[in-house]
Structures are given as C-alpha cells and as structure tokens.
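Trainee: show me the folded form of this:
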Amino acid sequence: MHEHSAHAGHVYTSAQQKSAAASSPIVASWRRCMTMHQLAPEDVRTPLRLTEHEFRQAREQSEQLVKDATDELDRLFLTVGKAGCCLLLTDRNGIALERRGNAGDDKEFYDLGLWTGSIWTEASIGTNGIGTALADERAVAIFRDQHFFCSNIRLSCTTAPIRDHRGQLAAALDISTCRDDVNEMTLSILSQTVRDAALRIELNIFRSAFSGARFLMVPAGANSAAALLAVDKHDLVLGATRAARLALKLDDRQIAAGVPAADALHERSAASGDALLEAERAALLRALTRTNGNVSRAAIDLGMSRATLHRKMKKLDLH
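Mentor: Numbers count the residues shown, from 1 in each chain. The predicted structure follows:
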C-alpha cells in the first residue's frame, strides 16, 4: 500500500508541474488523465468493458482490419508468447478486438482487463500503452509505474499505432507483460518488435484496399519499406501510405484529382511528343518480350499486320 500511495503522490506532484508535462510525454498523459478525464491515480479499477452486443458490433465494423492483422498476430505471438506476453489488437477507439495469450497467464491478464471487449483508452484506464499511443498517434512504451493508476504499476506494455490506406489512425497493436524480470532494455526490444509487426499490418491493409493495383516503393530513406504507392494500369496514383504521402507531399485532394506516378516521384518528364513515342516503344517491347521476339505473334497480339509492326520497329529503332 505504501508503494501505491507513493506512486499516487508522484503522479499528483508531476502532473501539476507544467514544465514537466511539456518535457515528458508520460507526465503530459498523466496531466490529461487528471484534467481532461477527471481520474485519480489512487483509484483501483479495470478498463471499461463492452457488452456482448456492443463488442459484436465493433468486431463487425473492423472485420477487414482483423482479417489483415490475423496472420501477423499469430506470427508475433509465436515470438513473444512463451515469454509471458499478451497481445492485443484494438480499433482506433481502443476497443480490444483480438487477443493472444498463454492459458497459464489468462487469469492475471483477465483481471487486469487485457481481454477482448475491454476499452484501453486514457479516459477508461489512464496512462497505458494503447490509450497513450492512440492519443499521441505514436509508438509508446509504458514501464510499470509510468502507468497512471496504482493498480497497473506491475504492468509493462509497448504499443504501436496502425494506420489505414489513407494514412489515418485505424488501430493499435500492443504487447503487455507482468513479468518481474522485465527491464527497460527488454521493453525496448519488444517495442521494436511491435513497431515492425504494426508496419506489416499497415502494408496488409494498404494492399487489401488496392487489391487490383501495382505497388511502387518510394525512396524515402530509412522508412522506404513503408512508403508505397498504389498505381493503376494508366500509371495514375490510386493511393499512398502515410510514409509515401510525407515523402512526396501528397494528400487526398491531389490523389483524387489524379496524379501520374512519374510526376509524384518527380521523374524526368519528356516532351509530349517524345512521351507518346516512349509509350509506343514500351508497348512494342512488352509485346515482343512476351513472344520471345517472334514478330508475327507480337503483331497478332497487337492487332496489326506484320509489315506495320516492322515499320514501327524500324521507326523506333527496335530492330
């Protein structure tokens, strides 16, 4: 009990200092919990929980999200599950939609509210990995007494937000553990693991949203794996991940108006006449490649005579 009262006192003292809140994301979260959500750190509580009907509705609304994340959740649990970790996938509202955990740890995690149907927002359960990641829209790690409520100071968690095909906040992926031997270095390793998994889920979401498109990787430094464009058969951009939007300064308005991928990528553009010739050259090359250089078959595929194809090949220097 002394530990709990000491923690509550520390939260109150820190949250009242504006300078501390400005310099520490954790203290800023504590301050939000007290001022915006009217929470008290000494309270003993678990997250709010949906009714079965409400949970069923939330699952139905996020059916595609769960589908896109399932394989990655299973893969991640194979990596961290035996270490006494619990996984939660939540929607943008902090509702736990999917969970992975070992049966031997179920009671402890259930008592803490790390279960499907629970709401892990800051308003529900104070500073925590999921709620704070959603509030700040960034990956966070909350180590034991960085939690707001005294009842959660045995818990360590690390969470990464997940964005949809438009780069908007859509979900969160969390790894939590109550193991006493977890230290901040261990949590740092888990943090990188959860960020990598969240990124792979984001890419699954993006590919599902543009299932008929081609995908181009945008050179974007260290984050290039996350920077993708979805492009249609006319080379127009259909969509862009958040990393691609930031790298290329794209937004929904520009994409809806129509942006050629070459323009978005700032590739050197030819004069309009040259561009038409290059497009014709590319079409002939594709046809000839598909037929292993057989001009007669390529002409049939292109719907022209063999003589016409030869003339075009001569004109475009393809002989």
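Trainee: show me what contacts the nearest residue to Pro260 once chain neighbours are set aside?
Mentor: Among residues not flanking Pro260 along the chain, Asp235 sits closest, at 5.6 Å (CB to CB, 6 or more residues apart in numbering). Where C-beta positions appear, they are placed from N, C-alpha and C, glycine not excepted. By CB atoms under 8 Å, 6 or more residues apart in numbering, the contact set of Asp235 is 260-262.
Trainee: select only the buried ones of those in ChimeraX?
Mentor: Buried residues within these, by 16 or more other CB atoms under 10 Å, are selected in ChimeraX with:
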select :261
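Trainee: list just the nearest of the contacts of Asp235 to Arg214.
Mentor: Nearest to Arg214, judged by CB to CB, of those is Ala261 at 8.9 Å.
Trainee: so the closest one makes contact with Leu229?
Mentor: Yes: when contacts are counted by CB atoms under 8 Å, Ala261 is listed as touching Leu229 (6.0 Å).
Trainee: the closest residue to Arg214 other than its chain neighbours: how many residues sit nearby?
Mentor: Computed as CB to CB, 6+ apart, the closest residue to Arg214 that is not its neighbour in sequence is Val231, at 4.9 Å. Neighbour count for Val231, taken as other CB atoms under 10 Å: 22.
Trainee: which residues touch Val231?
Mentor: 213-216, 237-238, 261.
Trainee: same question for Ala40.
Mentor: Taking CB under 8 Å, 6+ apart, one finds 8, 34 in contact with Ala40.
Trainee: which element is it on?
Mentor: Following DSSP states H and E, one finds Ala40 outside all helices and strands.
Trainee: just the helices in the stretch 101-250 of the chain please.
Mentor: Here the stretch 101-250 of the chain has its helices, by DSSP state H, counting those that start in this stretch, at 106-112, 122-125, 129-136, 184-209, 242-248.
Trainee: follow-up on the earlier one: which residues do Ala261 and Leu229 both contact?
Mentor: Common neighbours of Ala261 and Leu229 (CB under 8 Å, 6+ apart) are 216, 237.
Trainee: most neighbours out of the contacts of Val231, which is it?
Mentor: Going by other CB under 10 Å, Val237 tops these with 24 neighbours.
Trainee: so what sits opposite that residue in the bridge?
Mentor: Taking DSSP bridges as the rule, Val237 bridges to Val231.
Trainee: for it, give me the pLDDT.
Mentor: Note for Val237: predicted pLDDT of 97.
Trainee: over to Gly221?
Mentor: Looking at Gly221, its pLDDT is 66.
Trainee: next up, the contacts around Pro219.
Mentor: 227, 247.
Trainee: neighbouring contacts of stretch 204-212?
Mentor: Counting by CB under 8 Å, 6+ apart, residues outside stretch 204-212 touching it are 64-65, 67-69, 71-72, 162-165, 170, 215, 228, 230, 238-239, 241.
Trainee: got a PyMOL select line for the buried ones in the residues you listed?
Mentor: Selection of buried members from the contacts of stretch 204-212 for PyMOL, criterion 16+ other CB under 10 Å:
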select buried, resi 65+68+69+72+162+163+164+165+170+228+230+238+239+241
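Trainee: ok, Thr186 to Ala170 distance?
Mentor: 28 Å (CB to CB, to the nearest Å).
Trainee: typo on my end, Thr158
Mentor: 19 Å.
Trainee: do the same with Thr193
Mentor: Distance, Thr193 to Ala170, using CB to CB: 20 Å.
Trainee: how about Leu318?
Mentor: 47 Å.
Trainee: what do you get for Asn102?
Mentor: 28 Å.
Trainee: how about the strands of this structure, start to end?
Mentor: 48-49, 85-91, 96-100, 118-119, 140-143, 156-163, 169-177, 214-217, 228-231, 237-240 (DSSP state E).
Trainee: dump those strands into CSV; add distance to Gly131 as well.
Mentor: Converted to CSV, those look like this (distance: least, CB to CB, whole Å):
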stretch, distance to Gly131
strand 48-49, 11
strand 85-91, 9
strand 96-100, 11
strand 118-119, 9
strand 140-143, 9
strand 156-163, 9
strand 169-177, 9
strand 214-217, 33
strand 228-231, 29
strand 237-240, 28
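Trainee: look up the residues forming beta bridges with the residue nearest the centre of the chain.
Mentor: Nearest to the mean C-alpha position of the chain, by CA atoms, centre = their mean, lies Ile162 at 2.7 Å. As for beta bridges, Ile162 partners with Ala171 under DSSP bridges.
Trainee: these two touch, right, it and Ile201?
Mentor: Yes: in this structure Ile162 lies within contact range of Ile201 using CB under 8 Å: 5.4 Å.
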